[in-house]
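**Q** Please work out how this folds:
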Amino acid sequence: MSLTIEKTSTNTSLIRERRESTQHFERSLAFRFFHSLSVLFSRVSCNVKSLFYESEKGPAL
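**A** Numbers count the residues shown, from 1 in each chain. The predicted model follows:
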């Protein structure tokens, strides 16, 4: 009987560890996705600003 309880508690702790590592992976994946998205938008906005600045200044010679 105690062997069954021990085995069950081991299984639940393994399941809990697996679930926590999956959640951690999903969080880090989401963070990387949103971080790269924000970097992309900042680069695009910098390029657009420099385009407007060049058009106001005139053609770059």
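
**Q** Now do the helices in this protein.
**A** Using DSSP state H, the helices of the chain run over 2-57.

**Q** where does it have low pLDDT?
**A** Low-confidence segments of the chain, defined by pLDDT under 70, are located at 1-7, 55-61.

**Q** now with 80?
**A** Scanning the chain with the threshold set as pLDDT under 80 gives 1-11, 51-61.

**Q** Residue 37 and residue 23: what is the separation?
**A** As for residue 37, its distance to residue 23 is 21 Å (criterion: CB to CB, to the nearest Å). For glycine as for every other residue, the C-beta is placed from the backbone atoms N, C-alpha and C.

**Q** go on, residue 12?
**A** Using CB to CB, we find residue 12 at a distance of 16 Å from residue 23.

**Q** now do residue 8
**A** Taking CB to CB as the criterion, residue 8 is separated from residue 23 by 22 Å.

**Q** likewise residue 34?
**A** 16 Å.
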